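Chemist: The sequence isn't on hand, but the structure is:
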């Protein structure tokens, strides 16, 4: 059910997905004030991807579709700075800005995927989960830790967001995945990048294994 509410907006050069855990360092005065203002309420603010451009205000550059972030941990530092950890909650679309200073506040509406039930969709979901598990296992062998909050979601939409959040792709590509309202389309697109990432990781793992043996895969048979 679509909900419309006001939400403080934090434009950042990154894309946050629902279910994603994200550490942030807060040092600007306006955002220190924002965190203080929301800490006594629902601890929610929005993150919208932005590519800064000289001479243009942030509210004109920030993408319309973003994700709400809930503060799960806050550590106070010197000079009022903060280290916080947030958890991505719900996608939304900005309808209009209601405040620009000292920080942005916007009226937003929640965004959901359209329901999808079909045999082909179930097959796509299972394939994506199998490939994703292989990608995760290879990353572990390479000692490349992926920040995952809990296990792999059973439901399709949360799973598609999880996959999208860990893909080694550009923020522009991640923004397109975030904006999709079809879980199957997001899964299909993410699966293409996931297969490439898995193949590249397996190649690096193979190279790493060979380098540990100085280029030899084992003892060579003696000449007779």
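Modeler: Yes, it's here. Remember, it's a predicted structure, so these values are computed and weren't measured experimentally.

Chemist: Spatially central residue for the protein, please.
Modeler: With distances taken as C-alpha atoms, centre = their mean, the residue of the chain nearest its centroid is residue 165 (3.2 Å).

Chemist: Read off the pLDDT value for that residue.
Modeler: In this model, residue 165 is scored at 95, pLDDT.

Chemist: Name all residues that make contact with it.
Modeler: Contact analysis of residue 165 by C-beta atoms under 8 Å, 6 or more residues apart in numbering lists 16-17, 19-20, 88, 174. (Each C-beta comes from the backbone N, C-alpha and C, glycine too.)

Chemist: Would you mark the buried spots in the lengthiest strand in the chain?
Modeler: Under DSSP state E, the strand in the chain containing the largest number of residues is strand 82-99. When burial is assessed from 16 or more other C-beta atoms under 10 Å, strand 82-99 yields the following buried residues: 82, 84-92, 94.

Chemist: who does it pair up with?
Modeler: The strands beside strand 82-99 in its sheet (DSSP bridges) come out as strand 21-26 (antiparallel), strand 65-76 (antiparallel), strand 104-110 (antiparallel).

Chemist: helices or strands next to the helix or strand following the first one in the packing?
Modeler: So the one you mean is strand 21-26. Toward the C-terminus, strand 21-26 is succeeded by helix 29-38 as the next helix or strand (DSSP states H and E). Contact analysis of helix 29-38 by 3 or more C-beta pairs under 8 Å, 6 or more residues apart in numbering; DSSP states H and E lists strand 4-12, strand 44-49, strand 65-76, strand 82-99 as its packing neighbours.

Chemist: still on that earlier bit, out of the strands paired with strand 82-99, flag the one nearest residue 55.
Modeler: Go through these one by one with C-beta to C-beta and the one that ends up closest to residue 55 is strand 104-110, at 17.9 Å.
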